[in-house]
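Q: dropping a prediction and its sequence here:
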Amino acid sequence: MRSVAKLRQPVEVVARLLALGLLVCALWIVVRQSAAPLQVRELPASDVESEVPALIRAGASQLTVRMDRVPSRVMRDVLRALARSGYAVAWLSETPDALALSVEPIAGPDARSRVIVMGNVPDPITLVDAGGILDSTTAPGSSRAVIGSVRGTVSARARTTSAHVRSVAADAPKPVLVLGRVGWEAKFVIAALEEAGWRVAGELLVTPARPAIGVAPVVVRTAETGPPQLDTARFSAVVALDGSAFGYAERIRAFVVQGGGAILGAEAIRDVPGLSSISPGRAGDARTVLIGALSSRPPRDGLTGWTLQPSTDAVPVEYNRGELMVVAMREGLGRIVAIGYGDTWRWRMEGGDGAVDDHRRWWSDLVASVTPVRVSVPSVAEVAHDPAPLATWVHTFGAPARTALPALSQVRVIPWLVVVAALLLLAEWTSRRLRGAR
């Protein structure tokens, strides 16, 4: 029994010290509350910017934001700093307006960008940049894509929220190498690209792609003094129109793997075996041409060519009369597009009104789709960048609370501290009396 009594003595001392510590803690809370009472505030988001400085001066430590609108980027940063310094910040969802904005540079000589805005707001959304208004949309829950030249910061503005993205123009692309036989197709593909602003180097073959042994091929070059070196330091993309690319198959594959782009015509896919391993599609049956379709819509119904059979990883890009005619795929760091149309020059020469512009735009867009986008690191300081305000808010402060942030008043803790201290003292007194001590 004496051994048990000896074991009780340190337990009684610990219980007595814990009770004394709890009572001291309760006393400290009472003194602190009398000096600076705790404040709990609930504010609509529209009033946060004007009220937060006053709350900080008053010593408020808990804040619930009712999201009637998304706070600005500056106020979001202020609330995040408060949360990290010990303030309790929560928010209640009142279905705030959601808005997201994306600005992507497009490869090409005209320095265009693709602007995409999505929003779930009842009010009109206006797209503006440093030069003025770009476009607007009014349908709630809709998206709008705008392709054009933009300047400075692009903003999507609604009545209750706004998103901002700093636009960055792509660097001027390197020249495009066109491989083909001397003829109408190569002539007008080069013309279309040059008219669109691309720098073009042509390697046009006069003799057959595989001349007799001992006979050197005759080549016409439009911008080179010697055989072009196909690498990403000199060219951004290569267009192989036909079997004249026979001697370039391995170089084209290495070029694409390193990050270049390639467009393969159906004749090149069919006549150059070395291109089949990287082609996103295989040339199939010859397609039926609709007489007189070149001057109607769509004019590509009147073009000759071969249907394409896509490879496993290929992505269909264009169907014509139910036949796959344009397909794309990634290879290494680059992109490849295969086209099944042949003699597209007839579209330009025999088409209706606007055929020249349509032919030029079609070829320019094809080349832009495989050209890598290179953007220089801007030297100026980054301006306001807030592409998705509501998503950033949720990422920063978490999911909305079901109810307002509970007022965890420290005054309510005092009774519990006193009760626990009393129980500890009662246990300590009972233990002493059971072992016969006073």
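A: Structure's in. What do you need?
Q: show the subsequent helix or strand relative to the helix or strand harbouring L193.
A: In the assignment (DSSP states H and E), L193 maps to helix 184-195. Per DSSP H and E, the first helix or strand lying C-terminal to helix 184-195 is strand 200-205.
Q: and that following strand, what does it pack onto?
A: Judged by 3 or more C-beta pairs under 8 Å, 6 or more residues apart in numbering; DSSP states H and E, the packing partners of strand 200-205 are strand 176-181, helix 184-195, strand 219-221. Where you see a C-beta, it was placed from the backbone N, CA and C, and this is true even at glycine.
Q: who does the residue lying closest to S162 once chain neighbours are set aside bridge with?
A: Nearest non-adjacent residue to S162, counting by C-beta to C-beta, 6 or more residues apart in numbering: S155, 5.9 Å away. Under DSSP bridges, the beta-bridge partners of S155 are V128, H164.
Q: I'd say S155 and A163 touch.
A: Yes: if you go by C-beta atoms under 8 Å, S155 and A163 touch, sitting 6.9 Å apart.
Q: return every residue with contacts to both of the two.
A: L101 (C-beta atoms under 8 Å, 6 or more residues apart in numbering).
Q: more crowded one of those two?
A: A163 (29 against 19; other C-beta atoms under 10 Å).
Q: nearest residue to the more buried one in space, ignoring adjacent ones along the chain?
A: Spatial nearest neighbour of A163, chain neighbours left out: L101 (3.9 Å); criterion: C-beta to C-beta, 6+ apart.
Q: just grab the bridge partners of the one you found for me.
A: V117.
Q: how near is it to W393?
A: Using C-beta to C-beta, to the nearest Å, L101 is found at 15 Å from W393.
Q: all helices for the stretch 1-150 of the chain, in order.
A: Counting by DSSP state H, counting those that start in this stretch, one finds helices in the stretch 1-150 of the chain at the ranges 2-35, 45-58, 73-84.
Q: what is the helix or strand harbouring T430 packed up against?
A: Using DSSP H and E, T430 maps to helix 413-434. With contacts defined as 3+ C-beta pairs under 8 Å, 6+ apart, helix 413-434 has these neighbours: helix 2-35.
Q: how close does V78 get to H164?
A: 18 Å.
Q: repeat for L63
A: L63 is 25 Å from H164, where distance means C-beta to C-beta.
Q: between the two, who's got more neighbours?
A: L63 (24 against 18).
Q: circling back: what's the mean pLDDT across the helix holding L193?
A: Per-residue pLDDT over helix 184-195 has a mean of 92.
Q: helices or strands next to it in the packing?
A: Under the contact criterion of 3+ C-beta pairs under 8 Å, 6+ apart, helix 184-195 touches strand 176-181, strand 200-205, helix 345-350, helix 355-370.
Q: rerun that using 6 Å as the cut-off
A: Applying 3 or more C-beta pairs under 6 Å, 6 or more residues apart in numbering; DSSP states H and E, one finds that helix 184-195 contacts strand 200-205, helix 345-350, helix 355-370.
Q: surely the residue nearest to A163 meets D386?
A: No: counting by C-beta atoms under 6 Å, L101 sits too far from D386 to count as a contact (8.6 Å).
Q: shared neighbours, those two?
A: Common neighbours of L101 and D386, counting by C-beta atoms under 6 Å, 6 or more residues apart in numbering, are A163.
Q: picking up where we left off before, so for P400, which of the helices and strands packed on strand 200-205 sits nearest?
A: The closest of the helices and strands packed on strand 200-205 to P400 is strand 176-181. By C-beta to C-beta, the value is 51.6 Å.
Q: name the residues that touch the closest one?
A: Residues outside strand 176-181 that contact it (C-beta under 6 Å, 6+ apart): 186, 190, 198, 200-205, 228, 235, 237-242, 244-245, 367.
Q: repeat that for 8 Å
A: With C-beta under 8 Å, 6+ apart, strand 176-181 has contacts from 186, 189-190, 193, 198-206, 209, 228, 230, 235-245, 248, 268, 367, 371.
Q: hmm, which of those residues are the buried ones?
A: The neighbour-count test (16 or more other C-beta atoms under 10 Å) applied to the contacts of strand 176-181 identifies 186, 189-190, 193, 198, 200-205, 209, 228, 230, 235-245, 248, 268, 367, 371 as buried.
Q: highest mean neighbour count out of the helices and strands packed on strand 200-205?
A: strand 176-181 (a mean of 25; mean count of other C-beta atoms under 10 Å).
Q: check the offset of it from the chain's centre.
A: Centroid displacement of strand 176-181 relative to its chain, using C-alpha atoms, centre = their mean, to the nearest Å, is 33 Å.
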